[in-house]
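*Asks:* Give me a 3D structure for the following:
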Amino acid sequence: MSGSAGASERTAERNRRKAIQQSAKQEYDHLIEQAKKEVGPEGFLAKRSDLVKLRDEYQSLHQIEKQELDKLHSTAQERQKQKFLDGCYIDSANITGVGTARKAALRSFGIETAADVSSSRVLQVRGFGEGLTRAVVDWKASCERRFTFNPANAVSEADKNAVRNKFGVRKLALEASLGAGSHQLQQIRQHATLRAAALQPKLEEVVRRLAKAEKDLSVL
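*Replies:* The predicted structure follows:
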């Protein structure tokens with residue numbers, strides 16, 4: 001009976017020491033993960049990677065702007081046609097089967113000019129089946145046949161300025177981000193140094209307790 005009681009006490013003591021060791025190990029693992037997040041290089045490297053992407057975009061901005069300006073010429077005819085169609089109002093059109101009420105229905109769905117017309121959009125309007133939809137689409141086609149491309153007005157100065165303004169705004173935003181980047185990297189580095197100093201005593205203490213707990217467990 002005495003031997004059985006001693007074995008039971010040893011088991012209980014081993015379980016107690018095992019619980020202490022596991023608790024210290026969990027705290028150690030938690031501190032290591034915290035150190036990786038707050039002190040490790042991940043944050044610094046991620047920020048630097050973002051800045052590299054912004055720098056690459058900034059360096060290519062002029063070429064992309066030039067490509068968009070060149071694209072204005074290749075899309076000039078289509079843009080001119082769309083502008084022309086945008087001036088062809090359904091309200092003033094003579095479309096077979098489409099009177100005032102049905103024109104109002106089209107307007108309620110945002111279909112006001114020939115530029116707004118497509119088979120799929122018109123079919124969504126209540127009361128417009130295949131026949132009426134075809135009539136509206138045919139009217140749009142008649143508007144398109146009246147369109148004449150004017151090369152002299154292919155690309156206006158306003159078109160060019162719209163592109164230049166867009167890239168000008170983006171350039172300023174990139175310059176601001178890149179200008180602040182060096183300071184932000186320095187802040188990340190300083191924060192990591194401060195957190196490392198704050199975590200060091202805690203880590204040393206938990207390492208000491210873990211080592212003691214493992215030693216106590218091993219000698220039982």
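
*Asks:* domains for this protein, by residue range?
*Replies:* According to automatic domain parsing, the chain comprises the domains 2-74+156-218, 77-153.

*Asks:* Report the distance from the helix or strand containing Tyr28 to the chain centre.
*Replies:* Per DSSP states H and E, Tyr28 falls inside helix 2-39. Taking C-alpha atoms, centre = their mean, to the nearest Å, one finds helix 2-39 lying 45 Å from the centre of the chain it belongs to.

*Asks:* Over to stretch 174-184?
*Replies:* Mean C-alpha position of stretch 174-184 versus that of the full chain (C-alpha atoms, centre = their mean) differs by 20 Å.

*Asks:* sorry, back to before: list the buried residues in the helix holding Tyr28.
*Replies:* Across helix 2-39, burial judged by 16 or more other C-beta atoms under 10 Å covers Arg17, Ile20, Gln21, Ala24, Glu27, Tyr28, Leu31, Ala35, Glu38, Val39. Yep, even glycine has a C-beta here, placed from its N, CA and C like the rest.

*Asks:* Make CSV out of the domains of the chain and add mean pLDDT.
*Replies:* Below are the domains of the chain laid out as CSV (pLDDT from 0 to 100):
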stretch, mean pLDDT
domain 2-74+156-218, 87
domain 77-153, 95
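
*Asks:* mind listing the helices in the chain by residue range?
*Replies:* Under the criterion DSSP state H, the chain contains helices at 2-39, 42-74, 76-85, 100-108, 119-123, 130-146, 157-218.

*Asks:* Need those helices in JSON lines (columns: distance to Asp91).
*Replies:* Shown next, in JSON lines, are the helices of the chain (distance: least, C-beta to C-beta, whole Å):
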{"stretch": "helix 2-39", "distance to Asp91": "63"}
{"stretch": "helix 42-74", "distance to Asp91": "32"}
{"stretch": "helix 76-85", "distance to Asp91": "15"}
{"stretch": "helix 100-108", "distance to Asp91": "6"}
{"stretch": "helix 119-123", "distance to Asp91": "15"}
{"stretch": "helix 130-146", "distance to Asp91": "12"}
{"stretch": "helix 157-218", "distance to Asp91": "28"}
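
*Asks:* Figure out which of those is closest to Asn94.
*Replies:* If you check each of the helices of the chain against Asn94 by C-beta to C-beta, helix 130-146 wins as the nearest, at 8.2 Å.

*Asks:* what residues does that closest one touch?
*Replies:* 81, 84-85, 88, 90, 93, 95-98, 102, 106, 114, 117-119, 122-123, 128 (C-beta atoms under 8 Å, 6 or more residues apart in numbering).

*Asks:* Distance of the nearest residue to Thr133 once chain neighbours are set aside relative to Glu65?
*Replies:* The shortest distance from Thr133 to any non-neighbouring residue, by C-beta to C-beta, 6 or more residues apart in numbering, is to Val122 (4.5 Å). The gap separating Val122 from Glu65 is 38 Å, by C-beta to C-beta, to the nearest Å.

*Asks:* These two - which one has more neighbours?
*Replies:* Set Val122 next to Glu65 and count neighbours by other C-beta atoms under 10 Å: Val122 wins out with 22 against 17.

*Asks:* show me what contacts the more buried one?
*Replies:* Leu106, Ile111, Phe128, Leu132, Thr133, Val136, Val137.

*Asks:* how does it look with 7 Å?
*Replies:* Contact partners of Val122, counting by C-beta atoms under 7 Å, 6 or more residues apart in numbering, are Ile111, Phe128, Thr133, Val136, Val137.

*Asks:* do Ile90 as well
*Replies:* Ile90 is in contact with Lys103, Leu106, Ile111, Glu112, Thr113, counting by C-beta under 7 Å, 6+ apart.
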